[in-house]
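**Student:** Here is the input, now give the coordinates:
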Amino acid sequence: MFNYQCCYQCGIALQASELVQQRCAPCQTNQPHFDETYCLDRYDGLLQKPLHDLKYQKRIAFANALGNTWNLLIDPEQQDISADYLLPVPLSIQKLAQRGFNQSWEIAKRIRCGKYIQKSPYVLRRHHYFERQAGSTLSNRHLAIQGMFYVDPNSIEKLQNKTIIIFDDVMTSGATLNEIARILKDNGVSRVINWVLLRAMRPI
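**Tutor:** Sure thing, here's the model as predicted:
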């Protein structure tokens, strides 16, 4: 996040006592399965409204604007990011049918990430979950998300020993991205990097 010193692993804004290690206390105590996180801005910043207009008002044009903003502010070549695949956080089939699109994929496919990084919305899959995570406690989020994601069987072989970028629109507790990283590494992925549009200042 710009204008903040952030934990390199989860992207949260660091407190003064955490600056030396460049990692937040939770990541030092209970290391996540993902390796790095790049965040464009904080959740309550200027990009929150256009993201909400995209997700809830179905104004797809904002995906283009948000993708262009990412490209202007985060250049993969300058960040020295090397990876094999860029995958969006998936929606369940039911949620995708209800919304009509996956907002993370709509933004991700507009992001400039270098010619060697392949993008795909089909590698990661998600089971349907009937309760909403928004507003739930941190512990409940972690419990609810367990076993929610899986890798398409046809994609497992090509992920072996690869570095994967996962794109998400919002990161709050990190439970979703941590579970995805766990599943990917259980299926042979060597490294997982998060690209996140908006990051909550501290886990909710």
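**Student:** Contact partners for the most centrally placed residue in the chain?
**Tutor:** In the chain, the centroid-proximal residue (CA atoms, centre = their mean) is Asp168; its distance is 3.1 Å. Neighbouring residues of Asp168 by CB atoms under 8 Å, 6 or more residues apart in numbering: Pro88, Val89, Ser104, Thr176, Leu177, Asn194, Trp195, Val196, Leu197. Quick note: C-beta positions are derived from backbone N, CA and C, even for glycine.
**Student:** quick one: contacts for the nearest residue to it once chain neighbours are set aside?
**Tutor:** Of all residues not flanking Asp168 in the chain, Val89 sits nearest, at 4.5 Å (CB to CB, 6 or more residues apart in numbering). By CB under 8 Å, 6+ apart, Val89 lies in contact with Ser104, Leu124, Ile166, Phe167, Asp168, Asp169, Thr176, Leu177, Ile180.
**Student:** circling back: I'd like the contacts of Asp168 as JSON lines, with distance to Leu72, pLDDT and secondary structure appended.
**Tutor:** What follows is these, written out as JSON lines (distance: CB to CB, whole Å; pLDDT from 0 to 100; DSSP: H, G, I helix; E, B strand; the rest coil):
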{"residue": "Pro88", "distance to Leu72": "20", "pLDDT": "98", "secondary structure": "strand"}
{"residue": "Val89", "distance to Leu72": "23", "pLDDT": "98", "secondary structure": "coil"}
{"residue": "Ser104", "distance to Leu72": "19", "pLDDT": "98", "secondary structure": "helix"}
{"residue": "Thr176", "distance to Leu72": "26", "pLDDT": "95", "secondary structure": "helix"}
{"residue": "Leu177", "distance to Leu72": "24", "pLDDT": "97", "secondary structure": "helix"}
{"residue": "Asn194", "distance to Leu72": "20", "pLDDT": "97", "secondary structure": "strand"}
{"residue": "Trp195", "distance to Leu72": "15", "pLDDT": "96", "secondary structure": "strand"}
{"residue": "Val196", "distance to Leu72": "17", "pLDDT": "97", "secondary structure": "strand"}
{"residue": "Leu197", "distance to Leu72": "13", "pLDDT": "97", "secondary structure": "strand"}
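**Student:** In TSV, list the residues you listed along with distance to Gln118.
**Tutor:** Listed next are those as TSV, based on distance: CB to CB, whole Å:
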residue	distance to Gln118
Pro88	13
Val89	17
Ser104	16
Thr176	22
Leu177	20
Asn194	18
Trp195	15
Val196	20
Leu197	21
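**Student:** Out of those, which is nearest to Asn64?
**Tutor:** Taking CB to CB as the measure, Asn64 lies nearest Leu197 of the contacts of Asp168, at 13.5 Å.
**Student:** wait, the closest one sits on Arg110?
**Tutor:** No. Using CB atoms under 8 Å as the test, Leu197 is too far from Arg110 to be in contact (11.6 Å).
**Student:** what do the two both touch?
**Tutor:** The contact lists of Leu197 and Arg110 share Leu66, Trp70, where a contact means CB under 8 Å, 6+ apart.
**Student:** the more surrounded of these two?
**Tutor:** Leu197 (26 against 16; other CB atoms under 10 Å).
**Student:** check contacts around the more buried one.
**Tutor:** Residues counted as contacts of Leu197 (CB under 8 Å, 6+ apart) are Cys39, Leu40, Asp41, Leu47, Leu51, Leu66, Trp70, Ile107, Asp168, Asp169, Val170.
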